[in-house]
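> only the shape, not the letters, is given here:
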């Protein structure tokens, strides 16, 4: 038997597919109309939009959080989940990033990519950067760096509601840690190369 929540959502879906004004004119009488409505209601929920599902997929996720109160431009509150199969990390819509990045992070590959993501996926309101949609990051470290505005170890920064860090929950993460080190080295390459280039020109 369907719950009240399910009925409400199915009715919304029916309203979305068949707007109120034209739909009854498609049928000869009310019996045909009601029969068709019952048919729509009996269909699987696969056609429903995610936010209208009776049981949200968010409830089944193991969610992790980053929260900081560092003053103007350094506040953040982000929510995400880890995909163990792909080693990617999903930053959930509505997450708030810091608006001011650290000097050491500025102009790194990660910070430049962060700017692109902000332009495409976020809204900038006053001193807040708010995600307008979910974002898939290639690792927990990338996701944490985007949120915190600095190079970050996502395996330690992401904490669940029980107070456990990501690495503690997903213990088999040795390969992921090596990947994180590679990402940090890659992100530091541009500024290091710039310094070497300046020193070479001075010499």
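Arrived safely, thanks for sending. Keep in mind that what you see is a predicted model, and the values were worked out from it rather than measured. Numbering: from 1, shown residues only.

> domain ranges for this protein?
For the chain, the structural domains run 4-57, 61-195, going by automatic domain parsing.

> could you tell me the least trusted of these?
When mean pLDDT is averaged over each of the domains of the chain, domain 4-57 scores lowest at a mean of 50.

> which stretches in this protein count as helices?
4-17, 20-23, 30-42, 109-121, 140-148, 154-157, 166-169, 174-202 (DSSP state H).

> okay, residue 83 and residue 97: tell me how far apart.
With distances taken as CB to CB, to the nearest Å, residue 83 is found 20 Å from residue 97. C-beta coordinates here come from the backbone N, C-alpha and C atoms, glycine included.

> now residue 113
As judged by CB to CB, residue 113 and residue 97 stand 13 Å apart.

> which of the two has more residues huddled nearby?
More neighbours surround residue 97 than the other of residue 113 and residue 97, with 25 against 16 (other CB atoms under 10 Å).

> show me the contacts for residue 93.
Neighbouring residues of residue 93 by CB atoms under 8 Å, 6 or more residues apart in numbering: 131-134.

> generate a PyMOL selection restricted to the buried subset of the residues you listed.
Buried members of those, identified by 16 or more other CB atoms under 10 Å, are gathered into one PyMOL selection as follows:
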select buried, resi 131
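
> for residue 166, state which of the contacts of residue 93 is nearest.
Comparing those against residue 166 with CB to CB places residue 134 closest, at 17.7 Å.

> my read is that the closest one contacts residue 90, right?
Yes. Applying CB atoms under 8 Å, one finds residue 134 in contact with residue 90, separated by 5.7 Å.

> near the nearest residue to residue 92 once chain neighbours are set aside, how many other residues are there?
Nearest non-adjacent residue to residue 92, counting by CB to CB, 6 or more residues apart in numbering: residue 79, 4.5 Å away. For residue 79, the neighbour count with other CB under 10 Å is 21.
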